[in-house]
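Q: sequence unavailable; structure follows:
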C-alpha cells in the first residue's frame with residue numbers, strides 16, 4: 001500500500017497512522033524535493049521527515065523519492081490509496097486536482113484553494129493545518145474503509161471532469177472578463193462625446209474596436 005504525499009509538511013504527516021492499521025501496515029511515499037534523489041541538505045524537510053520517522057519507529061514504511069517530473073506523477077498518484085497535501089497555505093494548488101484526476105481521494109489542509117477543490121466528505125477530507133491528529137484520524141478512516149476511499153476517488157474524478165477541464169476553465173475565465181468589462185462598455189455608450197474629443201476617452205472592447213477602425217480608415 002502506498003500513500004503518496006505530494007506536499008511535504010514536517011509536522012503534519014500523521015506518521016502515527018502507520019502503526020494503527022491492524023495487519024496492513026501502510027507504506028508512506030513522500031514525493032517532492034529540490035533534487036531528483038532525496039537530499040536532506042538540498043531539502044531540509046526530507047531530513048526532518050526521516051528523523052521523525054526514525055523516532056516513531058516507522059522508517060521501514062516511509063520512503064522519500066525526491067523530485068519527480070510532471071509527466072510521471074500520475075503513476076505515483078495511481079499507485080496509492082489516498083493523496084495528502086497539507087500546506088500551511090495554498091492560493092490554489094494543482095496537487096489535489098492531479099490526485100483527483102487520477103481517481104484518488106485527497107486529505108488536504110482546509111486553506112486557500114484546497115478548501116474549494118476538495119469537497120469535505122465527498123472527494124476526500126479537509127483538516128485544519130498544523131493538526132497531525134486530525135490528519136491521522138482521516139487517514140486511518142480511509143485506510144480501514146477501502147470502499148469509502150474508492151467511492152470518494154470516483155467522486156473526485158467526476159468533479160475534475162465536471163469543473164476543472166481546460167474548456168470549462170476557459171469558459172469561466174472568459175465569462176468573468178465579460179462581466180467585468182460590461183460596465184465599461186455601458187459607460188462608453190452612454191457618455192456624451194464632445195466635438196473633437198479623441199476616441200481614447202472611452203474604454204472597453206467597443207471603444208477599442210472603434211479606435212482600430214478609425215486608424216484603419218484614416219479618421
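A: Perfect, I can see it now. Nothing here was measured: the structure is a model prediction, and the numbers come from that model.
Q: in this protein, where's the longest helix?
A: As far as residue count goes, and with DSSP state H defining each element, the longest helix of the chain is helix 166-190.
Q: and stretch 49-68, end to end?
A: Counting by CA to CA, to the nearest Å, you get 18 Å between the two ends of stretch 49-68.
Q: pop the domain breakdown of this structure in here.
A: 2-164, 170-217 (automatic domain parsing).
Q: most tightly surrounded among the ones you listed?
A: Mean neighbour counts were compared across the domains of the chain using mean count of other CB atoms under 10 Å; the top stretch is domain 2-164, at a mean of 18. Glycine gets a C-beta too; all of them are placed from N, C-alpha and C.
Q: averaged pLDDT, that one. What do you get?
A: Domain 2-164 shows a mean pLDDT of 86 in the predicted model.
Q: tell me the gap between that domain and the middle of its chain.
A: Centre-to-centre, domain 2-164 and its host chain are 11 Å apart (CA atoms, centre = their mean, to the nearest Å).
Q: now do stretch 178-186
A: 31 Å.
Q: quick one: the helices in this protein, in order.
A: Under the criterion DSSP H, the chain contains helices at 44-55, 73-79, 94-101, 114-117, 132-144, 146-163, 166-190, 205-217.
Q: how much space separates residue 139 from residue 169?
A: If you measure residue 139 against residue 169 using CB to CB, to the nearest Å, the figure is 30 Å.
Q: an error on my part: the question was meant for residue 47.
A: Relative to residue 169, residue 47 is positioned 38 Å away (CB to CB).
Q: go on, residue 78?
A: According to CB to CB, residue 78 and residue 169 sit 23 Å apart.
Q: kindly report the same for residue 181.
A: Distance, residue 181 to residue 169, using CB to CB: 19 Å.
Q: over to residue 85?
A: 20 Å.
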